[in-house]
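*Asks:* fold the following for me, if possible:
(chains A and B)
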Amino acid sequence: MSLIESIRFITPEIILLAGAIIILMFSLFVSNKNVLGMFALFVIIAASLYLPQSPKTEAGLFFNMLTNDSFSLFFKEIILFITGIVILISIGYEELKEKYIGEYFFLLLNGTIAMLLAVSSNNLLMIYLSIEMLSLISYILTAFLKNNPLSSEAALKYFLFGALSTGIMLYGISLVYGLFGTTDLAIISKVVSAGQINGLVTLVLLILILAGLCFKCSLVPFHMWAPDVYQGAPTAVTAFLSVGPKAVGFAVLLRIFANNFFPLYVNWVNLVMLISIFTMTIGNVIAISQTNIKRMLAYSSIAQAGYMLIGFVVGTAGGIEGVLYYILAYTLMNLGAFGCVILVSNYLKSDAIEDYAGLYKKDPITSFMLSIFLLSLTGVPPLAGFWGKFLVFNAAIQSKFILLAVVGVINSIVAAFYYMRVIKFMYLEEPKMKDTGHKSLSLQIALAIVTAGVLIAGLYVTPFLNWVKYSQSFF
Amino acid sequence: MLFPILTCIVFLPLAGGLIILFVPKKNIGLIKTVATAVTAIDLILSIILLVNFNYSGAMQFEENLNWIPSVNIFYHLGIDGISIGLIFLTTLLSFLACIGSYSIGMRQKEYFFLYLLLATGMLGTFVALDLVLFYVFWEIVLVPMYFLIGIWGGPRKEYAAIKFFIYTLAGSIFMLLGILAFYFTSTPHTFSILELGKTTGALTMPIQILIFIAFYLGFAVKVPVFPFHTWLPDAHVEAPTPISVLLAGVLLKMGGYGFFRISFPLLKDAAHYFVLPFAILGAINIVYGAVVAMAQTDFKKMVAYSSVSHMGFVMLGLASMTTTGFNGALLQMFNHGIITGAMFFLVGVIYDRAHTRDLDKFGGLGVKMPVYAGMLTVFSLASLGLPGLSGFVSEFMSLLGSYAAFKIITIVSVLGIVITAGYFLYMLQRVLMGPLNEKLAGIIDINKRELFTLIPLMAIAILIGVYPLAALKFQMAAIEQLIQKLGGMIF
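*Replies:* Numbering: from 1, shown residues only, chains lettered A, B, ... in the order given. The predicted model follows:
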């Protein structure tokens, strides 16, 4: 396909870029959060309307740099949804001062472009570039509260870890180029399928690439940045970081490993299984002792990534569908949980779990919604999180990964303890706090949307399962 | 059947709960009325079920709809002789405990919402014929129960609530693995309990044993079987009276029902393999529960441990693999729900007045509270297995059934009955007889509302004690079919 013809497939990205630049210029004159936020939201909606609606086009775009398939479309929809909700959350987040709000939305929209490109990249170099773009934007967003030392410290840690792991990944990619003579995944995939490569050498470079992706998905042993960054970053950015880059990381992971390098499955499966087991266990065990809710949710999101990885380890159609559904459910419940944290911190001025005592009395609706999200993260049916777990355990049992399933199950029990602890403080303790102040409307709308999502995806699963089934185009 | 009566029974409480959410917090009278009305209608519907019940032992009132077609999950409900009694028990106790809940003094709106949600979960568990649906209802019970203990409970409510939650979740999530294993080992892949029942025994022995253990962990925590019972005394003691009634009356039955509905019929060979451990654990439950109950000074804790002891008969009856034993075990679940439910009501009555449950602080109340004394005596005697009252029938049948297979274990278990008689009579002596405790001189007798909750239970206890067939006729055919399928002895 020629260059000109390819352009229509990146219309959403072009819209986002144009919108971002307009916001940046506008912010010279208008620094009203609501106006700019609404415009950003409008840009997101416009972009989602122009998503390429011919998902079965497999032809290489831009000299095979990008591809367009149902898989990338699935992630693009999720990413635009994430950014939309994050914008709504950001409007309601009081810590974000209006002075730099133009830059904030500019970065957020550019981060979205990076994510959209990453999930549709079909070339290792393109993947690297878009992930690096996303990373750089994430570093800046993390440091956005620049007078807050925690925020700056978090950004520096994030940057150091990120530089190291993406450096390793780039090294892996250069080895791929040395071995295959190309970074085009379509060509590499053909060579791999033909079986003419040395398994050991490929394993080494796969491990190197995996390192970079583990960082994005906050998988053990590249998870250490997550708690500090989640705690230090502005909470709206934390909500974004906990779902956006993670979804992208999994999309790329699935595209590289479950699609193109799948013939080498036996070489990497044990390694990834170990990563999954350690990620779940370490995330959950450390989460128990946390006293700051953002930090607790950070460890929880590490653990959740471990569950998602189960489906990836299994490496069957059912497993991949499980991962996709889990990402969908995780997006909803984690955005919701962080949204509630922001709503509460707006009037509580604290993120300590103890300060949530008696929240039900002061703010029954928010406590109810936060409970829904936490129970969904625990995996209580019939909420969305339960079906995510159900599907990945289902796939694990089907392929006889009994150990993995049992470890996952034991971990869910451990996790129940710290999720219920928050609920315990909210409902079982007497309130100490003063009355709630003004509650942001846009934040409440965002929360209503994700609450509805968690309930609908839990009770009426069929359309979501069909969507997921349609989206995984690998098997 | 055109009218979806089971769906109505299951979801009516939830609908009532949702209505309550829209009632203003201050309008406590309306909230109570809605909750009572809903549970009363549910009770009436379950009586309609009893009246229209076909004694043939077949699955009836079935409803089967597609829920999640891509993974073969169905919304499949139905009842037979095994579940009908438990459904009646659940609706009856839900109604009575709802009336018993009038004395709840705070946050009534949330209380009754959670209470009705709990009722939906319990009823759904007993009617679900699809393993995933069963699991969903099973887990729904967990959340309201956590709050009901944790918010309205006693001094150590938070500890008790989280302990209950973690224990049950731990057990049930292994059950989820068992459910998935069932799905993938069956051909064609299915979650349907009835379909899986048709091919019982088709799996290889090691797989059956693995799945059996996975389910066992889920059910044994709920029953509770020694050594998974430690959540029970905590939860019972801390929970408010109506919730204790439902915990003992219904929640424990969910575990026993699981054995009847899933473990035994679907895993025939594994069930035969595990009868000896079942019998031993049953005997341990009976004797250990009774001995520990004897040592209690807390009235409620004593009744809680008596539950552990009584549920041992269910295990023992199941181990027997005979119709008599199975009938005894199933009837024991029903009777225990009636009797122990009433016992918890009675503990609640005296606790509301004396504000203590310490058995040594009572004394001589027989003079001050004659009606209460009569009730307490009747239910204590029923609980210790006096002939003529319902507890005797089911315990005797369980023992009779198991004697053929496990003579020594049965003999040891009978010892439990003796100890049970001991601690119940000792309790009656400490509460009703002896010199009157001066502090309780102003105590008033049981009131009409409390009496109203107890009289139906007493009537049932006496009816089954005198004429056991009234209850047995519902379950006999179903049990006989189950035993035939298992290849057990029919006597």
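*Asks:* identify the residues contacting residue A:78.
*Replies:* A:247, A:327, A:328, A:331 (CB atoms under 8 Å, 6 or more residues apart in numbering or on different chains). C-beta coordinates here come from the backbone N, C-alpha and C atoms, glycine included.
*Asks:* excluding chain neighbours, what is closest to the last one?
*Replies:* Across the structure, with CB to CB, 6 or more residues apart in numbering or on different chains as the measure, the residue nearest residue A:331 apart from its sequence neighbours is residue A:243 (4.8 Å).
*Asks:* residue B:346: what's it in contact with?
*Replies:* B:372, B:375, B:376, B:379, B:454.
*Asks:* ok, now with 10 Å
*Replies:* Residues in contact with residue B:346 (CB atoms under 10 Å, 6 or more residues apart in numbering or on different chains) are B:241, B:299, B:303, B:372, B:375-376, B:378-380, B:431, B:446, B:450, B:453-454.
*Asks:* could you do residue B:53 as well?
*Replies:* Counted by CB under 10 Å, 6+ apart, residue B:53 has contacts B:60, B:61, B:79, B:80, B:81, B:84, B:88, B:473, B:474.
*Asks:* of these, closest to chain A?
*Replies:* Set against chain A, the nearest of the contacts of residue B:53 by CB to the nearest CB is residue B:79 (21.9 Å).
*Asks:* what about the residue of the stretch 101-250 of chain A found nearest chain B, how many neighbours?
*Replies:* For the stretch 101-250 of chain A and chain B, the shortest gap (CB to the nearest CB) falls at residue A:250, measuring 21.6 Å. Residues lying near residue A:250 (other CB atoms under 10 Å in any protein chain shown) number 26.
*Asks:* what separates residue A:328 from residue A:391, distance-wise?
*Replies:* 11 Å (CB to CB, to the nearest Å).
*Asks:* hey, what's in contact with both of these two?
*Replies:* residue A:468.
*Asks:* so the residue of the stretch 101-250 of chain A closest to chain B sits against residue A:324, correct?
*Replies:* Yes - using CB atoms under 10 Å, residue A:250 is in contact with residue A:324, at 8.6 Å.
*Asks:* give the residues shared as contacts by those two.
*Replies:* Common neighbours of residue A:250 and residue A:324 (CB under 10 Å, 6+ apart) are A:75, A:308, A:311.
*Asks:* who's in contact with the closest residue to residue B:361 other than its chain neighbours?
*Replies:* Counting by CB to CB, 6+ apart, residue B:437 is the residue found nearest to residue B:361 once chain neighbours are left out, at 6.3 Å. Residue B:437 sits next to B:354, B:356, B:360, B:361, B:362, B:363, B:364, B:365, B:368, B:443 when contact means CB under 10 Å, 6+ apart.
*Asks:* do you know how far residue B:437 is from residue B:371?
*Replies:* For residue B:437 relative to residue B:371 (CB to CB), the value is 19 Å.
*Asks:* got it, and residue B:155?
*Replies:* Counting by CB to CB, the gap from residue B:155 to residue B:371 is 30 Å.
*Asks:* before we move on, what about residue B:405?
*Replies:* On the measure of CB to CB, residue B:405 and residue B:371 end up 44 Å apart.
*Asks:* just checking, next helix/strand downstream of the helix or strand hosting residue B:452?
*Replies:* Using DSSP states H and E, residue B:452 sits within helix B:448-466. For helix B:448-466, the succeeding helix or strand toward the C-terminus, using DSSP H and E, is helix B:469-486.
*Asks:* so which elements touch that following helix?
*Replies:* helix B:81-100, helix B:193-198, helix B:264-266, helix B:268-273, helix B:323-354, helix B:390-405, helix B:448-466 (3 or more CB pairs under 10 Å, 6 or more residues apart in numbering or on different chains; DSSP states H and E).
*Asks:* can you lay out these as a markdown table showing mean pLDDT?
*Replies:* Shown next, in a markdown table, are those (pLDDT from 0 to 100):
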| stretch | mean pLDDT |
| --- | --- |
| helix B:81-100 | 91 |
| helix B:193-198 | 84 |
| helix B:264-266 | 88 |
| helix B:268-273 | 87 |
| helix B:323-354 | 90 |
| helix B:390-405 | 88 |
| helix B:448-466 | 89 |
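*Asks:* export those to TSV and tack on distance to residue A:88?
*Replies:* Converted to TSV, these look like this (distance: least, CB to CB, whole Å):
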stretch	distance to residue A:88
helix B:81-100	41
helix B:193-198	44
helix B:264-266	48
helix B:268-273	53
helix B:323-354	49
helix B:390-405	59
helix B:448-466	50
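*Asks:* who's in contact with residue A:143?
*Replies:* Shown in contact with residue A:143 (CB under 10 Å, 6+ apart): A:151, A:152, A:153, A:154, A:155, A:156, A:158, A:159, A:232, A:233, A:234, A:237.
*Asks:* thinking again about what came up before, hang on, the residue nearest to residue A:331 packs against residue A:332?
*Replies:* Yes - using CB under 10 Å, residue A:243 is in contact with residue A:332, at 8.9 Å.
*Asks:* who's more crowded, those two?
*Replies:* Neighbour totals were compared for residue A:243 and residue A:332, and residue A:332 leads with 30 against 25 (other CB under 10 Å).
*Asks:* quick check: next helix or strand after whichever helix or strand the more buried one is part of?
*Replies:* Assigned by DSSP H and E, residue A:332 belongs to helix A:317-348. Sequence-wise, the next helix or strand downstream of helix A:317-348 (DSSP H and E) is helix A:359-362.
*Asks:* for that next one, name the packing helices and strands.
*Replies:* Against helix A:359-362 (3+ CB pairs under 10 Å, 6+ apart) you get helix A:317-348, helix A:364-378, helix A:402-428.
*Asks:* relative to helix A:317-348, how tilted is the shortest one?
*Replies:* Here helix A:364-378 runs at 150 degrees with respect to helix A:317-348, directions being taken by axes from the mean of the first three to the mean of the last three CA atoms, to 10 degrees.
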